[in-house]
Every structure is written in C-alpha cells, then in structure tokens.
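**Student:** sequence and computational prediction follow.
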Amino acid sequence: MALLLTPPVKGTLEHWRDGILQEIPDLEIRLWPDVGDPADIRYVLIGKFDLADMPELPNLRVMMPMFAGIEYLIAHPNMPDVPLVRIGPPGGDPAMTEYAVLHVLRHHRHMPDYLAQQRDKVWNAIPQKLPRDQRVGFMGFGTMAEPPARALHGMGFDVAAWVRSDRRDADIEMFCGPDRLPDFLARTDILVCLLPLTAETNAMLNAERFAQLPEGASVINLGRGAHLVDDDLVAALDSGHLAGATLDATNPEPLPAESPLWLHEQVTIMPHTARRVRPEDVGPQVAEAIRRDRAGEPQLWAVDRSAGY
C-alpha cells in the first residue's frame, strides 16, 4: 500500500517524501519514475505532471494535487475515476492571505501611482480614502478568498463577496448567483478574483465586466490566467475607466515577451507567486486523506468534478 510522488511544483521529491513521513512514518513512498509494481500504488500526490505519462494504477484509491488549479486534471482523459482530494491548509493559506492583503493595500494607498511619480521625479500627495470608504470585492469566497476578505474587513474595509451559489455571512455582504454580479461589480472599487477556473468562469474578467465596475476601479487577479481577457483589460486601462491591475496569473505562463502587459505602466506582473505549497504545510492533510480512506470515511476536501472545484 504505497504512495507515489510525482515531480512537485516546488522543492525536490526527497523533500516532499521526508515531509510526509513526518506525519505517516509507516507509509511506503515511491518517487517518480520509480513506480515499481503499479498494483501497489493506492495514493498519488501529483504535481505539474502529464497524466498521459502515468501507467495504469489498478488499485489507486485517492489522488491529491499539490496545487489549487486542478482544471487540467479534471479535463484530462487519463484522469482515474477516484476521489480527487485537495490538500491545501484547511483554514486557508497564510501566504495567500498576506499576498491578497498586500496587493489590496498597494492599490488602496496608490503605490503604483507613487512609483510612476518617483520615476518622473514628481513630489505630489494623492488624496487618500479611509478604509471604510474603500469597497473591496472578492470574486469567490472559498478557502483561499475567505481569510483575506475577513482580514481586510477587520482592518475596516468595506468588503463584499460574489459567489455562484447561495451563501450568507454575518460580516461580509454576499452577492449570490449570476443575477447579482452586476450589482456586486457596481459597488466594488478594488476587485480581487480568486475563483476556480471552470467553463463558467473562463474569460470572466472581460470588457462587459470591467464596464460594470466604477470608474477608477482596480483589478487584482489571483486566480487563473484564463479568467482574464488581456486585450479587454488593456483597453479598459487605456480608456481611463480602470486605474490599475495586478496579475499574479497570466495566460499563458510565462507571459510572452511581446505581451503589452509587461510594459504597461498601470499593470503589475507577478510570476504566479501568491502561494507555494510546502510538504510541512500540507502533510497533516495528506495523512488525514489516507487515514479516511483506510477507515472507509468520506473525504473532507474532495473535489466536485461536475462543479469544477
């Protein structure tokens, strides 16, 4: 009863093996490409790996991705019919929380504008809103979006969230379903996208949605690159309707050198650095997924493939 480790997003196979063994010392772990007898493999911890290269694993029980963007696994014809279980920190990733808060504060405090002024040797104080007057909107309210939304709410910002299904919250105003999206966008000065990538959310950040934001709004995409229509963003920035954008994900990655986004003064490009999963952060979740499988209990963080997340 072994776990197969494929090449991770970050770090070495040995680093991941040692981190998981801290939680499950008796677990046999095989490092790709040393699969051994495929019939022995019950669990796969998968990184950025092409399933076309995976041999048939007749006794596979659970597959666990090392990353949030699971859309390519769901769509892959070789994806086994087994539970796909997320292993991110269950209370949200502190790295994502600090990263989202950082970039909201950058736009709130006009840091891109001040950096442009510095390049031009301009000394000019820009009028500053109080947090209570700055309306931050999160597209998505899952494990990656909820903690930074609550952190910003705690700092006094006017925070709301748009979700696709019905949800209520005592502190964060919720806009639920497609019909409420225009109202959500109309009240949002700083938009943070942390949606999963599905057929419904692909190209969701487009000209129509940008036009529904207030003039002078900023966009922060911490989701997937395919959420954004690049040309529509550039047009909205160049028209003056949007004030700025921060992109942690692009489509494709790396962003091609010829993309106009690289040199656009109102755009901050980050090389998909919002979070980096480490074995010491997720070892307990891997152990819990294996324990639940062995005990015949339902998985806590199983992906709903029909919904795409």
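**Tutor:** Received the coordinates, thanks.

**Student:** by average pLDDT, which secondary structure element in this structure comes out worst?
**Tutor:** Lowest mean confidence among the helices and strands of the chain (mean pLDDT, DSSP states H and E): helix 71-75, at a mean of 87.

**Student:** next, the buried residues of that helix.
**Tutor:** When neighbours are counted by 16 or more other C-beta atoms under 10 Å, the buried residues of helix 71-75 are found to be Glu71, Leu73, Ile74. To be clear about C-beta, it is placed using only N, CA and C from the backbone, and glycine gets the same treatment.

**Student:** kindly report the same for stretch 208-219.
**Tutor:** Buried positions in stretch 208-219, judged by neighbour count with 16+ other C-beta under 10 Å: Arg209, Phe210, Leu213, Ala217, Ser218, Val219.

**Student:** max pairwise distance over these: which two?
**Tutor:** Every pair in the buried residues of stretch 208-219 was compared (C-beta to C-beta); the two farthest apart turn out to be Arg209 and Ser218, at 13.6 Å.

**Student:** pass me the low-pLDDT residue ranges in this structure, would you?
**Tutor:** For the chain, the stretches flagged by pLDDT under 70 are 9.

**Student:** what segments of it are helices?
**Tutor:** Listed in chain order, the helices found in the chain under DSSP state H are 13-21, 71-75, 94-108, 111-119, 146-154, 181-186, 207-212, 230-238, 279-295.

**Student:** so Glu215 is in contact with His241, correct?
**Tutor:** Yes: shown here, Glu215 and His241 form a contact pair, counting by C-beta atoms under 8 Å, at 5.6 Å.

**Student:** picking up where we left off before, and the helices of the chain as a markdown table, adding distance to Leu247?
**Tutor:** As requested, the helices of the chain are exported to a markdown table (distance: least, C-beta to C-beta, whole Å):
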| stretch | distance to Leu247 |
| --- | --- |
| helix 13-21 | 29 |
| helix 71-75 | 18 |
| helix 94-108 | 10 |
| helix 111-119 | 12 |
| helix 146-154 | 17 |
| helix 181-186 | 18 |
| helix 207-212 | 14 |
| helix 230-238 | 8 |
| helix 279-295 | 25 |
